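Student: pasting the sequence and the predicted model now:
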Amino acid sequence: SQQGEEDPQALSIQEGENATMNCSYKTSINNLQWYRQNSGRGLVHLILIRSNEREKHSGRLRVTLDTSKKSSSLLITASRAADTASYFCATDARQGAQKLVFGQGTRLTINP
Amino acid sequence: DGGITQSPKYLFRKEGQNVTLSCEQNLNHDAMYWYRQDPGQGLRLIYYSQIVNDFQKGDIAEGYSVSREKKESFPLTVTSAQKNPTAFYLCASSMGGGSYNEQFFGPGTRLTVL
C-alpha cells in the first residue's frame, strides 16, 4: 500500500549546492516524517512535520508541507559529501495512524 | 549506551530452512517493527507490535512469523513458506505506536538464500 512517492528517484549535485527532494502522498495524513539511509545501513530520523504545520527547520534541513497538494519537500542547503544517502518520506493515514508507510526514496549523490 | 541491535549482520539460508533474525532494544520502547527492503526500493512493513504479547500483520506478512514475549525483544522468523526471502531486513522501535513518534532503526540483517 504505497502512500508516499519521492521525486526525483535519483539526484546528483556538486558539493555546496542545495538539494531538493519531493514527496507526494494520496490520502490525508496526521504527520509526515523524513529519514536518511546511508548505503547498507539502517534509517535515521531527520524531521517530523505535523499536518497543521507548513514549514520546519533543523540545521541545514528545511521541510515544507502542503496538505492541499498532498506534497512535502526536503531541502538540504550547502550540501556536503557526507549528505550522500537515500532519503525517504514516511506517512500515515489519518484514520488509524498506527504505522508508517515509506516511499521508494530519492538517492542523493554529492560530488566533491 | 542505548540503542537497537540486530543480529546477525549477514545470514545465509538454504532453501526450505527456517531462520530467525534477532532484534533487541534497550530504549524502553513499547512499539517494535520489522521491515523488508529490496534493492533500490523503500521499506515494506512485515509485522509490528505495540505492546508485549501482541502483534499485528503488516503489508507483507505471508511467510513470516514473530513473537513479542519481552518488551526488549522482537524476533522475526523467515519460514520456508516465504518464496523470495533474499532481502535486507530492518527492525525499528518507537516510544509508542503511531506516526507521531520517530522510529529508531537497527543496522539491519542481510539475508541471502543459497
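Tutor: Done, it's in.

Student: the residue sitting nearest the centre point of chain B in helix, strand or coil?
Tutor: Centroid-nearest residue in chain B: residue B:34, 2.9 Å away (criterion: C-alpha atoms, centre = their mean). Assigned by DSSP: H, G, I helix; E, B strand; the rest coil, the conformation of residue B:34 is strand.

Student: quickly list what it is bridged to.
Tutor: residue B:47, residue B:91 (DSSP bridges).

Student: so residue A:7 sits against residue A:25, correct?
Tutor: No: contact criterion C-beta atoms under 8 Å: residue A:7 and residue A:25 do not qualify, at 11.8 Å. Where you see a C-beta, it was placed from the backbone N, CA and C, and this is true even at glycine.

Student: assign residue A:34 to helix, strand or coil.
Tutor: From three-state DSSP, the assignment for residue A:34 is strand.

Student: looking at it, the residue nearest to the centre of chain B is touching residue B:78, isn't it?
Tutor: No: counting by C-beta under 8 Å, residue B:34 stays clear of residue B:78, with 10.1 Å between them.

Student: what is in contact with the two at once?
Tutor: Common neighbours of residue B:34 and residue B:78, counting by C-beta atoms under 8 Å, 6 or more residues apart in numbering or on different chains, are residue B:64.

Student: can you pull out the low-pLDDT segments for chain A?
Tutor: Low-confidence segments of chain A (pLDDT under 70): A:1-3, A:93-97.

Student: which parts of chain A are strands?
Tutor: A:4-7, A:10-14, A:19-25, A:31-37, A:43-50, A:55-58, A:61-66, A:71-76, A:85-91, A:101-102, A:106-111 (DSSP state E).

Student: can you redo the ones you listed as CSV with mean neighbour count and distance to chain B?
Tutor: CSV is the format used below for the strands of chain A (neighbours: other C-beta atoms under 10 Å in any protein chain shown; distance: least, C-beta to the nearest C-beta, whole Å):
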stretch, mean neighbour count, distance to chain B
strand A:4-7, 20, 8
strand A:10-14, 13, 10
strand A:19-25, 20, 11
strand A:31-37, 24, 5
strand A:43-50, 18, 4
strand A:55-58, 12, 12
strand A:61-66, 18, 13
strand A:71-76, 20, 13
strand A:85-91, 25, 6
strand A:101-102, 24, 4
strand A:106-111, 18, 8
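
Student: alright, I will stop here.
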